[in-house]
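Asks: can you look at this prediction? I've put the sequence above it.
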Amino acid sequence: MLDYDLEKIIKSRKSIRSYIEKPLSKKDKDLINSWIDEIDFDNSIFNKKFNVKLLEVGIDAKNLGTYGVIKGAQNFLCITAKKEEGVMESIGFNFEKIILNSTANDLGTVWLAGTFKREQFKNLLDVKEDEIFPIVCPIGYASEKRNLKNNFFRKIAKSDKRKDFNEILFKEDFNTPLDINKIEEYKFPLEMFRLAPSSANRQLWKIIYKDNCFHFYRIINSKNNDGLEIERLDIGIALCHFDLAIKEKNLSGEFVKIDFIKTNNDKNLKYIISYKIK
């Protein structure tokens, strides 16, 4: 059971780029570290392990490379992992729970994948040769005064907008949109999925409802040039929302990987996982 209202937290959570210039309290640091310790890889639908370290950099934060995007943050959550298939989805799925917990406890956060200088942060971490360092997440107390860069990023990304269901939810094939009202019982989990944040708010995902299953796909982004495939992270975040909503409503079903799933020969789509209704 969650100790917060999932819909309220998902709808209220925003990317925070401006922070009060003070470090986290001991109470909040202990709380965050407890969330890190509670990541349950063994019982997660995405179980590739990764490391999360809470850094406190204090006034030195001004010298860390976030390209001026982040103001005032003195604590950062840094994620490292072995580079292997499925690890980005695992980071998105499992770390999003920490993001939502943070929001529920009045802590501001923002996912940073491209707008930070990895080498400067690596000096504060023990990043091994076979590891990737895909994510930094500032965490702290949001400043009431948003800076111009924060407003600029939100406007460019159209952060408050989401695709309509007729663009992401289909029946039987990718040519037939599914009326969300025809599957009333699953309207809430699908809405929580739809509301998930994504890199540049691109929402690179599609769902097909077929044979009493929801089949989830990610859209392959040809513009990736960093090798990280951030849309893998995004689909993990969205599926985290779906999973938490399923549990909140006590719906009966299970996540399964179906080997024979096809994508209509569409090379721009990658099958991820299915949810089978019981």
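Replies: Thanks, I have it. Please read all numbers here as calculations on a predicted model, not as lab measurements.
Asks: now do the phi/psi pair for the closest residue to Ala238 other than its chain neighbours.
Replies: Sequence neighbours aside, Ala196 is the residue nearest to Ala238 in space, at 3.7 Å (criterion: CB to CB, 6 or more residues apart in numbering). In short, each C-beta sits where N, CA and C put it, glycine included. With angles defined as degrees, to the nearest 10, Ala196 sits at phi -60, psi 140.
Asks: could you do Leu195 as well?
Replies: Backbone phi and psi, for Leu195 under degrees, to the nearest 10, turn out to be phi -80, psi 0.
Asks: wait, what's in contact with the residue lying closest to it once chain neighbours are set aside?
Replies: Distances taken as CB to CB, 6+ apart put Ile10 closest to Leu195, at 5.5 Å, once the chain neighbours are dropped. Going by CB atoms under 8 Å, 6 or more residues apart in numbering, Ile10 touches 100, 192, 195-196, 241.
Asks: how about these in a markdown table, adding neighbour count?
Replies: Output for the contacts of Ile10, formatted as a markdown table (neighbours: other CB atoms under 10 Å):
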| residue | neighbour count |
| --- | --- |
| Leu100 | 22 |
| Met192 | 23 |
| Leu195 | 16 |
| Ala196 | 21 |
| His241 | 24 |
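Asks: and which of those residues is nearest Glu248?
Replies: Met192 (8.8 Å; CB to CB).
Asks: quick one: residues in contact with the helix or strand hosting the closest one.
Replies: Per DSSP states H and E, Met192 falls inside helix 187-194. Outside helix 187-194, the residues that touch it by CB under 8 Å, 6+ apart are 6-7, 10, 162-163, 165, 168-169, 180-181, 183, 203, 207, 214, 238-239, 241-242, 244-246, 248-249, 251.
Asks: what about it, average pLDDT?
Replies: Helix 187-194 carries an average pLDDT of 98.
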